[in-house]
Every structure is written in structure tokens, then in C-alpha cells.
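Visitor: Kindly generate the corresponding structure for this input.
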Amino acid sequence: MLVKNFRRQRFLWLILALMIFFVSGFRAEAGLQDEELNQPASWEFGLRFDFLNRGIKWDGVKSTLKGLNLVAEARGKNLGGTVDLLLFAGLGNSKLNGAVFNQLPITLDYQAGGINGLVLGLAADWPLVQASDFRLGLTADFTTWIGFNKKFAIEGFTFPGEAKAEPGWSQAGGGILAAYEGYENIEPFLSVKVSALWGKFKMTENIQDLSGEESKSLKGSGLLGISLGCHLKLTDKLYLTPVAEFYPASKFGLTGSLGLFYAF
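Guide: The predicted structure is shown next:
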């Protein structure tokens, strides 16, 4: 399952790589501030904790995808004088309670709690305009969560049964990023973007000689994402980054993250 889902997402990683290439070329051709382009590249490393609560839907049913992630993150700033790149990987737990699988031998309403999985992702920012202490640019991100198989017993029948849950989801977005650099120890930022979420939740059931499988296609209930956050400097090398992201939709969503980073 892990390999299958990873292969399914390869083309999305390729799209983001092409975006980085083309936007980087655009910015270089635009000839933005020479002094900014000449700044040396730098790297920051740290840990980030994410809380996810986003509205989703399947088969006309509205629900909420909840999750907790702990990831290691690397941030490269001004790479090639062009782009800020963020890479992360870690473990996450997603909860999809309430999915009803009625095409199985025995209808199953999944209420077995969270499922652990692998989280991978990247994001990129391209500064385009610098006016006084304000910076305006483009931003894009991609996250994929590949759930580990979860097996659980089906009880209450003459013969014992077993079900296996195989979920996975991805999220990608792009839009505009604005930041203010006029303060000494804090840099607030705001982004507005289109953010799509999609995935699949597959359930397999086996009871004596009966077996079957059914999949639910997951989809985010809204496409707009609004992020508010800041880089809070603690020392010359250490800083915090709290972020809150809102998803206004028929099923309101909220994502929060807190990262602690060390700059080299």
C-alpha cells in the first residue's frame, strides 16, 4: 500500500518541480533587486507539530478529517538567489470516523479511531516584489499522507471476521504570500491560496467465506485557504514559527502548526 500510494503521487511532485523551474526562470529574467539576488543561500532545520481539522466529503456525505503530524523540516532560503524551499517528512495520525461502507458483505460504519501513516511534503516561495519593508510573492505546497494498514476484528457474528482499512490523502495549493519585515524580532506573514484535498479510503472485509472491498473517494469541502503566521526570533539562530490556516467552506476547517528551527 505504501509503495502503491507513493507511485500514485509521483506526478504531483513532478508538477511542483516544474513550477519551481519555470517561476525561478521568470524571476531571474525579471531582474529583481540585484542586492537580494546576491544574498547567500542559507539553511534552517527543525521540528514541526501540525494539527489538522478540515472539512471533507464523500458520496454526498460531509465529515471532518482530523489529524496530528510530527515532522522534521529543512528550509533552504534564497536558493540560487531565487526561491525559498521547504522539505519535510515524518509521522502522522489521521482520523476518518464515520465512513459507511455499505457494499461489503456486512455493512461497516468505521469508528475505529485514528490510523498512523507517513507524511511527506514540500513547499516553495518565490519573492517577486519588495517595497520598503513589505515583500510580496507566490507560494505553493504539497503534502501527502500514506496511511499504514489497520486491521481490526468484526465481532457480534457466529463466525469471526476481520476488516482492513487502507486510507491515504493528499493536499496541494498555490497562491499569494505577503510578509512584513519592519520589526526587529518578528516577521508576520499572510497567504491566500487555492487549496485542494483529495484521497481514497479503502476497506476490505473477510468473514468466513465472505469477502469484499469498497473504496471511498475523499474530497475537500472547500478550495480557499487563508494562512496567518509569523517567524518569531528567540536568539540569533533560534526561532519559532506558529501558523494558523483557515478553510472557509460549508464544513469549516482549521489547521494549526508550531515549528522550532535552528538557522545555520
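
Visitor: Need the three-state assignment for the residue of the chain positioned farthest from its centre.
Guide: Here the centre of the chain is the reference, and by CA atoms, centre = their mean the most remote residue is Thr158, at 42.8 Å. Counting by DSSP: H, G, I helix; E, B strand; the rest coil, the backbone at Thr158 sits in coil.

Visitor: What separation do you get for Gly259 and Asp50?
Guide: 9 Å (CB to CB, to the nearest Å). The C-beta positions use only the backbone N, C-alpha and C, and glycine is treated the same way.

Visitor: actually Gly173, sorry about that
Guide: For Gly173 relative to Asp50 (CB to CB), the value is 15 Å.

Visitor: in this structure, which spans are helices?
Guide: Taking DSSP state H as the test, the helices found in the chain are 2-8, 10-30, 34-37.

Visitor: pLDDT averaged over the longest one - what is it?
Guide: Rounded to a whole number, the mean pLDDT of helix 10-30 is 47.

Visitor: how about low-confidence regions in the stretch 51-200 of the chain?
Guide: Regions of the stretch 51-200 of the chain meeting the criterion pLDDT under 70 are absent.

Visitor: mind redoing it with 80?
Guide: Applying pLDDT under 80 to the stretch 51-200 of the chain flags residues 156-158.

Visitor: can you pull out the strands in it?
Guide: 61-79, 83-95, 100-101, 108-109, 114-131, 134-147, 150-154, 161-180, 186-207 (DSSP state E, counting those that start in this stretch).

Visitor: Can I get those in TSV including mean neighbour count?
Guide: TSV is the format used below for the strands of the stretch 51-200 of the chain (neighbours: other CB atoms under 10 Å):
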stretch	mean neighbour count
strand 61-79	17
strand 83-95	18
strand 100-101	19
strand 108-109	16
strand 114-131	18
strand 134-147	20
strand 150-154	14
strand 161-180	20
strand 186-207	18
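
Visitor: Between these, which one is closest to Lys251.
Guide: Lys251 sits nearest to strand 61-79 of all the strands of the stretch 51-200 of the chain, at 5.0 Å, using CB to CB.

Visitor: That closest one to strand 114-131, inter-axis angle?
Guide: 50 degrees (axes from the mean of the first three to the mean of the last three CA atoms, to 10 degrees).

Visitor: Parallel or antiparallel, list what pairs with strand 61-79.
Guide: Next to strand 61-79 in the sheet, as set by DSSP bridges, lie strand 42-58 (antiparallel), strand 83-95 (antiparallel).

Visitor: Need the CA coordinates for that strand. PDB is fine.
Guide: The C-alpha trace of strand 61-79 is given here as PDB (Å, rounded to 0.1, in the frame of the first residue of the first chain):
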ATOM      1  CA  VAL A  61     -21.800  13.000   3.000                       C
ATOM      2  CA  LYS A  62     -20.000  15.800   4.800                       C
ATOM      3  CA  SER A  63     -17.500  15.000   7.600                       C
ATOM      4  CA  THR A  64     -14.200  16.200   9.100                       C
ATOM      5  CA  LEU A  65     -10.700  14.900   8.500                       C
ATOM      6  CA  LYS A  66      -8.700  15.300  11.800                       C
ATOM      7  CA  GLY A  67      -5.000  14.700  12.100                       C
ATOM      8  CA  LEU A  68      -1.800  15.200  14.100                       C
ATOM      9  CA  ASN A  69       1.600  15.200  12.500                       C
ATOM     10  CA  LEU A  70       5.200  15.500  13.800                       C
ATOM     11  CA  VAL A  71       7.700  16.200  11.100                       C
ATOM     12  CA  ALA A  72      11.400  17.000  10.600                       C
ATOM     13  CA  GLU A  73      11.700  20.000   8.400                       C
ATOM     14  CA  ALA A  74      14.500  21.600   6.300                       C
ATOM     15  CA  ARG A  75      14.300  25.100   4.900                       C
ATOM     16  CA  GLY A  76      16.600  26.500   2.200                       C
ATOM     17  CA  LYS A  77      16.500  30.300   1.800                       C
ATOM     18  CA  ASN A  78      17.400  32.200  -1.300                       C
ATOM     19  CA  LEU A  79      18.500  29.100  -3.100                       C
END
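
Visitor: Check what pLDDT Leu210 gets.
Guide: On the pLDDT scale, Leu210 gets 87.
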